[in-house]
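>>> Could you look at this predicted model? Sequence included:
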Amino acid sequence: MAKKRVLLLYISVNSGHQKAALAIEKALNLLDPEVEILNVNSFNYTNPLVEKVINRTYLGVIKNRPEVWEYLYDNPKVFRSLGKLRDLIHRFNSGKLKTLLDEFKPDVIACTQAFPCGMIADYKVSFGLNAPLIGVLTDCYPHSYWFFDSVDYYVVNSETATNKLAEHGIPREKIKVYGIPIDPKFANDVDTDAVSEKLGLDTKKPTVLIMGGGQGLGPIAELVNELNRTSRTQQMIVIAGSNNRLFDWLERRKRSLRIKTAVYGFTSEVDELMSVSTLIVTKPGGLTISEALSKRLPIIILNPIPGQEAKNTEYLLSEGAAVKADSAADAALLTDMLLGHRSKLEQMRGNAQRIAKPRSSVDIARLILECTRS
């Protein structure tokens, strides 16, 4: 019997979309080591120069002019005005896409971002591609660029997201509430004593985890200084991601901090670091919050990006799994408050556990494998 082939499409290296695709790949290999998987950065494959321009522009906008992104994100006027351009891009990319599909011959295609999902959805209609297409959302709510009749299944994180898709004509039987895909290891128990010992942390003291996504965005340095002035924070872990300037500053600064501090750059040990933490202060990227929920971590939201992260914030607040800080100083005060109120922390832990989907990637992988057999 020929090996089943799965094509996974994402955009941008070191992004949540790539992490989601890699999590699905790992889960597929756990369920069926014989499956053949091709994981492709669709931006880089179709337009490598355009990818660099878009990534730089996006980062520049969210850092310097977030109000512009807030206007552009899921704006019906912008969506309609970009329709012809989107169709043109899809036609322009169809040649490279055909080469990829002809060479790999996938049995199933799964996309963790709307751009490649739309590209494949249009290709299915225009060229009669029969491979099932699965759109896997990596944020809490879908936006207008996700809606396509030719997508066979959508994977979302909640019934609220299901309702949003249904409002736009997506049949409910096409929608699976499996969650945002995270590494399967987040469903496993961690030896917290061993991890704490490795980090030099006291298991009897609360530990605050600080993250800013894969790129270490947000007022992390300011937050570290604010927490150093508070009375309750005694230990913290700070993840700088790929932000080398922040990492170097943290390495220098930690020597003079009152608080015992462990500093990480881009790390694959987030599951362990979350397991030994009492709460997390973070920007609410879809992957980060899903990982935190899987570890029952109360979340303090700081510096959400307008658009998708603002929507993620709405979801977490409505479910009682997070509180929102308006500044680094506010985040430090909220940290102090939560560390001083065990009952509130436990309530948030319970809410996090209620909405967590730690086996999301395994469930998605199972759906993909079922589609290969249909």
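Sure thing, it's come through. Note that this is a predicted model, so its numbers are computed, not measured.
>>> How about the most centrally placed residue in the chain, nearest residue that isn't a chain neighbour?
With the centre of the chain defined as its mean C-alpha position, the nearest residue by CA atoms, centre = their mean is Leu287, 2.4 Å away. For Leu287, ignoring the flanking residues on the chain, the nearest one in space by CB to CB, 6 or more residues apart in numbering is Gly16 at 4.2 Å. From N, CA and C alone the C-beta is placed, and that goes for glycine too.
>>> related to what we said a few turns ago, may I have the residues that are in contact with the residue nearest to the centre of the chain?
For Leu287, the residues meeting the contact criterion (CB atoms under 8 Å, 6 or more residues apart in numbering) are Gly16, Lys19, Ala20, Thr138, Ile180, Ile182.
>>> Output these as TSV; include the columns distance to Lys311.
Compiled in TSV, the contacts of Leu287 are given as follows (distance: CB to CB, whole Å):
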residue	distance to Lys311
Gly16	14
Lys19	19
Ala20	17
Thr138	12
Ile180	13
Ile182	18
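>>> I'd like the list of the residues you listed that fall within helices, please.
Helix and strand membership here follows DSSP state H; of the contacts of Leu287, those in helices are Gly16, Lys19, Ala20.
>>> So which of those wins on neighbours?
The member of the ones in helices among the contacts of Leu287 surrounded by the most neighbours (other CB atoms under 10 Å) is Ala20, with 30 neighbours in all.
>>> Give me the distance between the residue nearest to Leu287 and Gln215.
Shown here: Gly16 relative to Gln215, a distance of 10 Å by CB to CB, to the nearest Å.
>>> that older thread, quick check: the residue nearest to Leu287 touching Ile289?
No - under the criterion of CB atoms under 8 Å, Gly16 makes no contact with Ile289, lying 10.2 Å away.
>>> Sticking with Leu7, tell me its helix or strand.
Using DSSP states H and E, Leu7 sits in strand 5-10.
>>> From the contact counts, what lies against that strand?
Counting by 3 or more CB pairs under 8 Å, 6 or more residues apart in numbering; DSSP states H and E, the packing neighbours recorded for strand 5-10 are helix 16-31, strand 36-41, helix 83-104, strand 108-111, helix 114-127, helix 360-373.
>>> I'd like these written out as a markdown table, with distance to Ala161 and mean pLDDT added.
As requested, those are exported to a markdown table (distance: least, CB to CB, whole Å; pLDDT from 0 to 100):
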| stretch | distance to Ala161 | mean pLDDT |
| --- | --- | --- |
| helix 16-31 | 15 | 97 |
| strand 36-41 | 24 | 97 |
| helix 83-104 | 22 | 82 |
| strand 108-111 | 16 | 98 |
| helix 114-127 | 13 | 93 |
| helix 360-373 | 13 | 97 |
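>>> contacting residues around stretch 26-33?
The set of residues external to stretch 26-33 that reach it, using CB under 8 Å, 6+ apart, is 4, 6, 35, 37, 181, 183-184, 361-362, 364-366, 368-369.
>>> Would you mind writing the CA trace of it as CSV?
Once side chains and other backbone atoms are set aside, the C-alpha atoms of stretch 26-33 remain, and they are given as CSV (Å, rounded to 0.1, in the frame of the first residue of the first chain):
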residue,chain,number,x,y,z
LYS,A,26,4.6,15.8,15.2
ALA,A,27,1.1,14.5,16.1
LEU,A,28,0.8,12.8,12.7
ASN,A,29,4.1,11.0,13.2
LEU,A,30,2.9,9.8,16.6
LEU,A,31,-0.3,8.4,15.2
ASP,A,32,1.2,7.0,11.9
PRO,A,33,5.0,6.9,11.5
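>>> just to revisit the earlier point, which two among the contacts of stretch 26-33 are spaced furthest apart?
Farthest apart among these by CB to CB are Lys4 and Asp183. That separation is 22.1 Å.
>>> And those two? Which one has more around it.
Counted by other CB under 10 Å, Lys4 and Asp183 do not tie: Asp183 has more neighbours, with 23 against 19.
>>> quick one, phi psi at that one?
When read as degrees, to the nearest 10, the backbone of Asp183 gives phi -50, psi 130.
>>> Nearest residue to it in space, please, no chain neighbours.
Spatial nearest neighbour of Asp183, chain neighbours left out: Ala23 (4.8 Å); criterion: CB to CB, 6+ apart.
>>> per-domain residue ranges of the chain.
Domain assignment for the chain, taken from automatic domain parsing, gives 5-182+359-373, 185-355.
>>> Pretty sure Ser361 sits against Pro181.
Yes - counting by CB under 8 Å, Ser361 does reach Pro181; the two are 4.3 Å apart.
>>> what sits in contact with each of these two?
Ala23, Ile24, Ala27.
>>> hmm, which of those residues are the buried ones?
By neighbour count, with 16 or more other CB atoms under 10 Å, the shared contacts of Ser361 and Pro181 hold Ala23, Ile24, Ala27 as buried.
>>> Give me the below-cutoff pLDDT ranges for the protein.
Per-residue confidence for the chain (pLDDT under 70) gives these ranges: 1.
>>> show me where it has strands.
In the chain, strands defined by DSSP state E lie at 5-10, 36-41, 108-111, 133-136, 153-156, 175-177, 207-211, 235-239, 260-264, 279-282, 299-302, 322-325, listed in chain order.
>>> Quick one: those strands as JSON lines, columns for distance to Asn93 and mean neighbour count too.
Conversion of the strands of the chain to JSON lines gives the following (distance: least, CB to CB, whole Å; neighbours: other CB atoms under 10 Å):
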{"stretch": "strand 5-10", "distance to Asn93": "12", "mean neighbour count": "25"}
{"stretch": "strand 36-41", "distance to Asn93": "12", "mean neighbour count": "17"}
{"stretch": "strand 108-111", "distance to Asn93": "14", "mean neighbour count": "28"}
{"stretch": "strand 133-136", "distance to Asn93": "16", "mean neighbour count": "28"}
{"stretch": "strand 153-156", "distance to Asn93": "22", "mean neighbour count": "24"}
{"stretch": "strand 175-177", "distance to Asn93": "27", "mean neighbour count": "18"}
{"stretch": "strand 207-211", "distance to Asn93": "34", "mean neighbour count": "26"}
{"stretch": "strand 235-239", "distance to Asn93": "35", "mean neighbour count": "25"}
{"stretch": "strand 260-264", "distance to Asn93": "37", "mean neighbour count": "19"}
{"stretch": "strand 279-282", "distance to Asn93": "34", "mean neighbour count": "26"}
{"stretch": "strand 299-302", "distance to Asn93": "36", "mean neighbour count": "25"}
{"stretch": "strand 322-325", "distance to Asn93": "38", "mean neighbour count": "21"}
